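Peer 1: let's see this in three dimensions:
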Amino acid sequence: MKGKLFYVGLLVSFIAAGVAHYMHLNATAQFIIACAAIVFVAGFLGKATESVAHYAGERMGGFLNATFGNAAELIIAFFLVRDGLYDVVKASLTGAIIGNLLLVLGLSIFTGGLKFKEQSFNIKLASHNSSLMILGVVALFIPAIFAGGLTTKETSSMSLIVAIILIIAYLLWLFFSMVTHKSVLSDEAIEHGEAAWSKGTSILFLFVATVMVAFTSEWLVGTLEEVTHKFGLSELFVGAFLIAIIGNAAEHSAAVMMAMKNKMGAAVEIAVGSSLQIALFVAPVLIILSFFVSGTPMNIVFTKYEIAAIGVAVFITKSITQDGSTNWYEGLLLMFVYVILGVVFFLV
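Peer 2: Numbers count the residues shown, from 1 in each chain. Model (predicted):
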């Protein structure tokens, strides 16, 4: 019954969002309906990803969870880049990173910890993930420090070079973790149970869900500017929290579900792996794409607020995950930090 209600909600919200967009309803109504549609579509994407992961195996399954879970953020950000809304893009990337590290991981650790007193995962994988996240912070911090002494052209060149370096680092990490050191970094076997659909149907639904995310994302982005001005919200808050929370819906469901099954290793991999992918791959790809889809390319210079938020998120996540075990209170601490950042971003 719950499954049928979900698919009814998926179809109704998606159709309603399309009707609201093409009939040019007021921006607030379009924004609310599109947000509801994205939550359902992200849930559908999560189900499809989980089903594909059943056939793909443990490491590839975690990678697919992170990759397709980030589809919403990537597609939303692409349309924002196309429209030249770079401040919102950077805020949404910031929000996606801190949302995964603090909200998704925090909620997973908290809910899993309520059911199991202590949960453990591969400590070596956690260590490598922490190092990679620190690389992401360094790649944002250094350009922001030196950008003031550079011309616009030099800043663009620096951004492009750093973006390429980060992409190479991420691709080499995939090779390291999935090929040369696969056995060292593997966690406990992830028991997926019965897959929701056959292999072919799972792949088809994954494609359909991604297309639906693309449409709903474009409809949502079209309302952002008007809604932001109407309610007096900063682009920083809208990008870092509203869009990030909506776009993270797929990760929420997948990571929390794994934690509730005492598969904390998988939950950590989904949440932290997703943040790594955004910092080391999605953000650099968007910078490169901006050179082709916009007259003025996007640079890698983030604001001090964004860098501080990412730095704090990486610091406390590293502190909590470095011992390879978690409990419900640590999850609560992560969510408290997320709320603190949300309050500050709202008031800025």
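
Peer 1: and the residue sitting nearest the centre point of the chain, how far from G342?
Peer 2: Geometric centre of the chain, nearest residue: A96, 4.3 Å, by Cα atoms, centre = their mean. In this view, A96 and G342 are 14 Å apart by Cβ to Cβ, to the nearest Å. Yep, even glycine has a C-beta here, placed from its N, CA and C like the rest.

Peer 1: and P284, by the same measure?
Peer 2: Taking Cβ to Cβ, one finds P284 at 26 Å from G342.

Peer 1: of those two, which one has the most company?
Peer 2: Counted by other Cβ atoms under 10 Å, P284 and G342 do not tie: P284 has more neighbours, with 24 against 20.

Peer 1: so what's the more buried one up against?
Peer 2: V162, A163, I164, L166, I167, I300 (Cβ atoms under 8 Å, 6 or more residues apart in numbering).

Peer 1: same question for the helix or strand hosting F14, mean pLDDT?
Peer 2: Taking DSSP states H and E as the definition, F14 sits inside helix 2-22. Across helix 2-22, pLDDT averages out at 89.

Peer 1: what of stretch 35-43?
Peer 2: According to the model, stretch 35-43 has a mean pLDDT of 84.

Peer 1: likewise stretch 308-319?
Peer 2: 93.

Peer 1: buried sites along it?
Peer 2: The neighbour-count check on stretch 308-319 (16 or more other Cβ atoms under 10 Å) flags A309, I310, G311, V312, A313, V314, F315, I316, T317, K318 as buried.

Peer 1: in helices only, show me those residues.
Peer 2: Cross-referencing these against helices under DSSP state H gives A309, I310, G311, V312, A313, V314, F315, I316, T317, K318.

Peer 1: output stretch 110-127 as CSV, nothing but the C-alphas.
Peer 2: Extracted in CSV, the C-alpha atoms of stretch 110-127 (Å, rounded to 0.1, in the frame of the first residue of the first chain):
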residue,chain,number,x,y,z
PHE,A,110,21.5,9.0,15.1
THR,A,111,18.8,6.7,13.8
GLY,A,112,21.2,3.7,13.5
GLY,A,113,22.4,4.5,17.0
LEU,A,114,18.9,4.4,18.5
LYS,A,115,18.6,0.8,17.3
PHE,A,116,22.2,-0.4,17.8
LYS,A,117,24.3,0.8,20.8
GLU,A,118,27.5,1.1,18.7
GLN,A,119,28.1,0.7,15.0
SER,A,120,31.5,0.3,13.3
PHE,A,121,32.9,0.6,9.8
ASN,A,122,36.3,0.4,8.0
ILE,A,123,38.6,2.8,9.8
LYS,A,124,41.1,2.9,6.9
LEU,A,125,38.4,4.0,4.5
ALA,A,126,37.3,6.7,7.0
SER,A,127,40.9,8.0,7.2
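
Peer 1: who touches that stretch?
Peer 2: So stretch 110-127 is in contact with 109, 177, 184-187, 256, 259-260, 262, 264-265, 267-269, 272, 321-332, 335, going by Cβ under 8 Å, 6+ apart.
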